[in-house]
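> Give me the fold of what follows.
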Amino acid sequence: MKAHFGVLAVALLFATVCAQDTSSNYLLSGHSTPLASSFAHQFFTLASQRAELANRTSTQVIRAYEDRAYDDDLCERDISLIRDSINNLEEWALEFPDTWGRLPMGLFWGHTISMGQYEECVAASSTHTTEIRGQYCLASVNITTFYQSVKKRGEEFTRISYKQTDPEIFELGICIPKTCSASKTDALLKYAITHFYGQDVTESDFTMVTETRCKYDAPIELRGIDIFAIIFFSLIIFFMVASSVYDYIQTRKGAPKKPLLVAFSVLTNAPKIFTVKKVNNPNVIHCLNGLRCFSMMWVVFGHGYMTFYDLPHINRNKFYTWVQTPYSMLVQNGSLCVDTFFFMSGLLMCWGAFREMERTKGKLNIPMMYFHRYIRLTPVVAVVVLYIMSLYKYSGAGPMWFKLGTQDKRCADTWWATLIYVQNYAFPYSICISQSWYLAVDTQLYFLSPLFLIPLWKWGKKALVPIVIVLILCLGGTFATFMLNDFTLFRVQDDHVDLRQRLTYYPTHTRIPTWLIGVIFGYFLFTRNRGRQIPMSKPMVLTGWFVAFGTMLACMWGPYWRILPDTPDSPLIEGAFFEPLSRTSWALSIGWIVWACYNGHGGLVNDFLSWGFFTGFSRLCYCMYVIHRIVQLVNAARLQTDTHFSNYDAILRWWHDFGITLTASIFATLAFEAPILGIEKAIFGKPAPKKPTPGELARTAPVAAAAAAAELEPKPEPEAEPESEAKETKTEIAPVPTNEENPSKA
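Numbers count the residues shown, from 1 in each chain. Got it, this is the predicted structure:
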């Protein structure tokens, strides 16, 4: 059986079934074709013979996936007609076998898919009076037995974090008439294989063809939610145009403008995004804009690699040597970026709350604080959820769409949890917007913040004692979780990645330490440092920068040696200590950068992070964070050709993903985020100068480690117009959030 299956895997299913007649007469006859002996051609001959032998007289109609109607009798008739037309060398019929997948390149380098030609298949149609249309299916061929029989050259990949395993299936693109159901096609495919290699080759309980991986060109039937989405987006565009026209007319007249009527005006909102005014205000921490923007780019970079891994690479196994390179740590350990955002979120939460309580003599309007937070963050999230559940399914098609274009199915039952920010606990394995777990954590921390902020305001340093105790208890909880579940250092030899994420990556209580460090830092910065610069000797400044950068390098590349093949296994306690302490150490290092820049000890670092370009860019970061994964998934799922795995190719994909995300984010900011600010201001008046809105202050986002999966994302709220930065003493920060993927892997 093994021998038969091996021949099947590499010779029959992926390439040629019969030896071609190489006689010169045959080749020059005019009736020869290099494809005539391929398995794709032979399939139609064998399938039609099976139908004739069965001599069926009853019609069996199957209604299944997405209300497709199939007729087995018509399927057999169509296959026979295709066979006859192929023998007659009719072009329309030759397109059917022509679109099948063939011999894969790089099978032993992990290239286990031969997609064929999707578009040619679904466009195929007969020129006869009998209508025959093509249907593309991505079949799964079991190659487990074959690979087990291969004599491996060595076990060099057994010690890396993402273990290389023998492939179990080969995916083969096939083209059949659209009248054929998946069960019928599965039976015919098994019959053709059995004809050449006997009954012992195919497994009766293994399904090669499923409805979910078959597609034909059918008329689009819009659902209710699709119609609603089209009307909704059309209305938004209409409001933008109408509001802009009103704004223009009133400006030309020199007449006053009603705030509600210019809420959607591009002429009013665009300058708020792109106009940058450098203000010298003690309440504005300029370097946070640069930190936010770099973190956002890191997020897109990390998530991009995560998606890049899932593409149909002809050299996919290169990934297993790539993870052993120092460069890969930027992705594998890129989740540290999220701790930057949690730190900034805590800092700005404390800073903003203290400004509010300073103005109101120690009082917080907690209900209104919560309302502003929700109303400012949710519209963009809700719009993305609406798009995923409606128009997303029409954004692409093809073999990879079967594999990666499934985000709408994740949202079917979990969308509501995303809109109330509990998805990290309610559905940790099927989050609708995968990276939105960060939004849930940050929002939950925001709702808990009065428990920490009010005592800090009233009792000052005395309140730090219980806060530090909470911080230590949460660190201990992460440590205990690692020890009890046998989680290992940096996912090396970790077989529990999904569980590890659910228990230590997504939960709010595991993120409290980093956030509380930001709160404590914000307390001291506001009460002891605001409005003045603390002098420090040059040796002390250099020491601070050396320690901070050294700590960040240790957090980022410290685990690298554990990934190398010859490194011994790490004890459980090593990972249990490293996970929580590396994140807090990273946050403390970010704290030094912020403190040094604020106090004039940042030098070139502060000049760069405070660059005006980052101020404008940071206003788009929140929308970029919410949108970027959808852009990446659509771009990846639309692929219909093979790809190549390399850092250069990944960076090229990062640039085009980033560019499209940036463009979409500009539209989303002008269409949803900025108008909400305008409407809010028109209804409630100008937002309170010292309102504590961490979401609005900390626009942050996380990164996902490509193969180990953690999707991060801090959120940025809509920024106030530039001139208000000085008047309202707003602290500027940017929103941002990389294994679905992948992200579900993240």
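
> residues touching P167, list them.
Going by CB atoms under 8 Å, 6 or more residues apart in numbering, P167 touches 110, 112, 143, 147. C-beta: built from backbone N, CA, C; applies to glycine.

> So it: helix, strand or coil?
coil (DSSP: H, G, I helix; E, B strand; the rest coil).

> ditto for the one 5 residues further on
Reduced to three states with three-state DSSP, the structure at L172 is strand.

> Equivalent analysis for the one 4 residues further on, please.
Secondary structure assignment for I176 (three-state DSSP): strand.

> distance of it from E131?
Distance, I176 to E131, by CB to CB, to the nearest Å: 15 Å.

> Those two: which is more packed in?
I176 (30 against 11; other CB atoms under 10 Å).

> Model confidence at that one, what's the number?
We note a pLDDT of 95 for I176 in this prediction.

> F672 now?
Checking the pLDDT column for F672, the value is 94.

> Equivalent analysis for the one 5 residues further on, please.
According to the model's per-residue confidence, L677 sits at a pLDDT of 88.

> Would you agree it falls within a helix?
Yes: membership of L677 in a helix is supported by three-state DSSP.

> Scan this protein for its longest helix.
The residue-count maximum for a helix in the chain (DSSP state H) belongs to helix 224-253.

> Please state the mean pLDDT value computed over the next helix or strand after that one.
Per DSSP states H and E, the first helix or strand lying C-terminal to helix 224-253 is helix 266-274. Helix 266-274 carries an average pLDDT of 91.

> Quick check: buried residues in helix 266-274?
For helix 266-274, the neighbour count (16 or more other CB atoms under 10 Å) marks 266, 268-269, 272-273 as buried.

> So what's the residue count around the closest residue to S582 other than its chain neighbours?
Leaving aside its chain neighbours, S582 sits nearest to C555 (4.4 Å; criterion: CB to CB, 6 or more residues apart in numbering). Neighbour count for C555, taken as other CB under 10 Å: 21.

> Grab the nearest non-local neighbour of the most centrally placed residue in the chain.
Taking CA atoms, centre = their mean, the centroid of the chain lies closest to R629, which sits 3.6 Å from it. Leaving aside its chain neighbours, R629 sits nearest to Q435 (5.3 Å; criterion: CB to CB, 6+ apart).

> residue boundaries of the strands in the stretch 51-200 of the chain?
61-63, 69-71, 113-114, 134-142, 169-177 (DSSP state E, counting those that start in this stretch).

> Kindly state which of those strands is positioned closest to A671.
strand 134-142 (35.7 Å; CB to CB).

> Parallel or antiparallel, list what pairs with the closest one.
Here strand 134-142 has these sheet partners by DSSP bridges: strand 169-177 (antiparallel), strand 214-216 (antiparallel).

> Need the contact partners of the last one.
For strand 214-216, the surrounding residues in contact (CB under 8 Å, 6+ apart) are 65, 122, 133-138, 178, 182, 185, 397, 402.

> circling back: pull out the buried positions in the helix or strand where the residue nearest to S582 lies.
Counting by DSSP H and E, the element that carries C555 is helix 538-557. The neighbour-count check on helix 538-557 (16+ other CB under 10 Å) flags 541, 544-545, 548, 551-552, 555-556 as buried.

> a markdown table for the buried residues of helix 266-274, including distance to H195?
Formatted as a markdown table, these follow (distance: CB to CB, whole Å):
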| residue | distance to H195 |
| --- | --- |
| V266 | 65 |
| T268 | 71 |
| N269 | 66 |
| K272 | 69 |
| I273 | 65 |
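
> any idea which of those is closest to V634?
I273 (24.3 Å).

> is it true that that closest one touches T669?
Yes: assessed by CB atoms under 8 Å, I273 is found in contact with T669 at 6.1 Å.

> who touches both of those two?
619-620.

> Flag the shaky bits of the chain, pLDDT-wise.
1-37, 51-68, 154-163, 197-204, 490-494, 685-746 (pLDDT under 70).
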